[in-house]
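S.K.: Quick one, structure for this:
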Amino acid sequence: MKLKALAGAMLPLACIALSNSALADINVGVTLSATGPAASLGIPEKNTIALLPTTIGGQKVNYIVLDDASDTTAAVKNAKKLISEHKVDVVVGSTTTPNSLAMIDTMAEAETPMIAMAASARIVEPQDEKRKWVFKTPQNDAQMSTAIVEHMTSHNVKTVAYIGFADAYGEGWHGEFAKVAEARKLSLVAKEGFNRTDTSVTGQVLKVLAAKPDAVLIGGAGTPAALPQKVLRERGYKGAIYQTHGVANADFLRVGGKEVEGTLLPAGPVLVAEQLPNDNPIKKAALGYVGKYEAAHGKGSVSTFGAHAWDAGVLLQNAIPEALKKAQPGSKEFRKALRDALEATRNLVASHGVFNMSASDHLGFDQRARVMVTIENGGWKLVK
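M.R.: The predicted structure is shown next:
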């Protein structure tokens with residue numbers, strides 16, 4: 001009798017254990033630009049994915065990483081493959097704004113959350129039925145534009161010329177910068193565009209020089225953004241040159257060489273983590289990522305782009321345990337629960353800032369997520 005009673009008492013526990021062990025793995029799809037013009041951004045992202053935990057909330061996590069070669073068509077193809085063939089619960093990617101924008105329809109149709117590693121605010125704004133499935137980790141171009149304009153106006157810049165990518169990234173940056181510049185009485189005297197794959201921008205630079213601006217803002221990302229700056233300096237331009245946070249990696253420094261010395265740009269705090277004051281709430285998290293990445297890839301190898309992938313991992317580590325309380329991985333219900341948990345993120349400190357998401361804000365960063373830096377002696381220096 002006692003043995004039967006004991007067996008009966010143990011049965012529910014055994015069933016629970018069996019049920020837990022039968023939970024499907026969590027599949028995280030990743031599409032990024034490890035090759036092509038955006039490779040200098042995508043490679044550190046790919047390196048960082050390899051550093052993310054393979055167990056979250058007691059469940060095994062698989063990362064399926066695909067290269068979209070900096071191509072929008074390939075990014076959409078990857079997103080569809082991850083959903084249909086790999087049955088992913090969430091997609092992280094892509095690296096660039098055009099690729100990320102192109103993926104939105106696919107993710108919304110599949111009702112699968114996506115965490116973009118690209119900057120444009122248009123990826124998550126305005127929030128609607130499609131974008132409710134989309135989140136992102138890089139700072140908005142509007143936030144960074146404000147930092148640039150504040151620096152310009154405090155340094156007596158009156159006129160600015162803009163030369164940027166002839167795509168969604170460059171156009172988005174121009175739009176946000178123009179709005180802030182107009183409000184602060186800065187005069188935008190020229191606008192020129194170039195492609196990421198261009199090998200010459202002489203014509204555009206000559207038009208910029210003809211406008212005689214006090215400063216030039218280059219709206220590009222990765223190593224292609226060095227080209228107009230090199231030509232500007234070669235043609236004798238002596239004014240201030242600003243870049244966006246899209247150039248914050250060692251490859252830009254390498255390709256730009258002496259011509260990018262003195263460049264000013266806004267960046268995530270992780271870029272100058274060691275230089276942050278000790279009371280900065282982001283410093284500890286930023287240094288934690290820097291330490292892990294450089295232990296794997298060498299001193300000075302860290303970039304803000306890898307940190308965008310790291311912060312996607314931070315978001316998932318926070319949201320997945322909450323989603324697991326409501327549904328099993330591999331199900332529509334789990335994907336929705338994960339989306340809801342991401343949107344409910346509050347006071348989550350990451351390497352780039354503090355996430356406070358809401359139904360109307362799927363980035364959730366405030367001004368603590370940006371600093372101004374300059375390039376000095378081939379390295380990054382915090383502008384205080």
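
S.K.: C-alpha only now, for contacts and for neighbours.
M.R.: Noted.

S.K.: Check the spacing between M152 and A121 real quick.
M.R.: Using CA to CA, to the nearest Å, M152 is found at 22 Å from A121.

S.K.: So the chain: which segments form each domain?
M.R.: Structural domains annotated on the chain: 8-139+291-366, 141-267, as defined by automatic domain parsing.

S.K.: mind listing the helices for the stretch 101-250 of the chain?
M.R.: Using DSSP state H, counting those that start in this stretch, the helices of the stretch 101-250 of the chain run over 141-154, 168-183, 202-210, 226-234, 250-256.

S.K.: Could I get the buried residue list for the shortest one?
M.R.: Applying a neighbour-count criterion of 16 or more other CA atoms under 10 Å, one finds A250, D251, F252, L253, V255, G256 buried in helix 250-256.

S.K.: swap in the third one?
M.R.: For helix 202-210, a neighbour-count test (16+ other CA under 10 Å) marks Q204, V205, V208, L209 as buried.

S.K.: surely the last one meets G236?
M.R.: No - when contacts are counted by CA atoms under 8 Å, L209 is not listed as touching G236 (9.2 Å).

S.K.: quick one, helices of the stretch 251-384 of the chain?
M.R.: 283-297, 304-324, 332-343.

S.K.: Contacts for the first one, please.
M.R.: Right, helix 283-297. The contact list for helix 283-297, computed with CA atoms under 8 Å, 6 or more residues apart in numbering, reads 48, 51, 269-270, 273-274, 276-277, 300-302, 307, 310, 349-352.

S.K.: Contacts only, for T112.
M.R.: T112 makes contacts with D89, V90, V91, W133, R335, K336, R339, as judged by CA under 8 Å, 6+ apart.

S.K.: Does E343 touch S358 like I think?
M.R.: Yes - under the criterion of CA under 8 Å, E343 makes contact with S358 at 5.4 Å.

S.K.: which one of these two has more residues nearby?
M.R.: More neighbours surround E343 than the other of E343 and S358, with 24 against 15 (other CA atoms under 10 Å).

S.K.: rewinding a little: common neighbours of L209 and G236, please.
M.R.: Here L209 and G236 share no contacting residue, scored by CA under 8 Å, 6+ apart.

S.K.: excluding its backbone neighbours, what's nearest A226?
M.R.: In this structure, A226 finds its nearest non-sequential neighbour in G256, 5.3 Å apart by CA to CA, 6 or more residues apart in numbering.

S.K.: quick one: that neighbour from G378, how far?
M.R.: Per CA to CA, G256 is found 9 Å from G378.

S.K.: next one: G288
M.R.: Noted for G288: a distance of 24 Å to G378, by CA to CA.

S.K.: Identify the residues contacting N47.
M.R.: Listed by CA under 8 Å, 6+ apart, the contact partners of N47 are G306.

S.K.: Can you report phi and psi for it?
M.R.: Main-chain dihedrals, N47, degrees, to the nearest 10: phi -60, psi -40.

S.K.: The one 4 residues further on too?
M.R.: The phi and psi torsions at L51 (degrees, to the nearest 10) take the values phi -90, psi -10.

S.K.: can you check N278 too?
M.R.: Per degrees, to the nearest 10, the backbone of N278 is at phi -60, psi -20.

S.K.: check contacts around the nearest residue to G353 once chain neighbours are set aside.
M.R.: In this structure, G353 finds its nearest non-sequential neighbour in A369, 4.3 Å apart by CA to CA, 6+ apart. Taking CA under 8 Å, 6+ apart, we find A369 in contact with Q139, G268, P269, H352, G353, V354.

S.K.: How many residues are close by the fourth one?
M.R.: Think H352. With other CA under 10 Å as criterion, H352 counts 28.

S.K.: Give me the pLDDT value at it.
M.R.: Note for H352: predicted pLDDT of 97.
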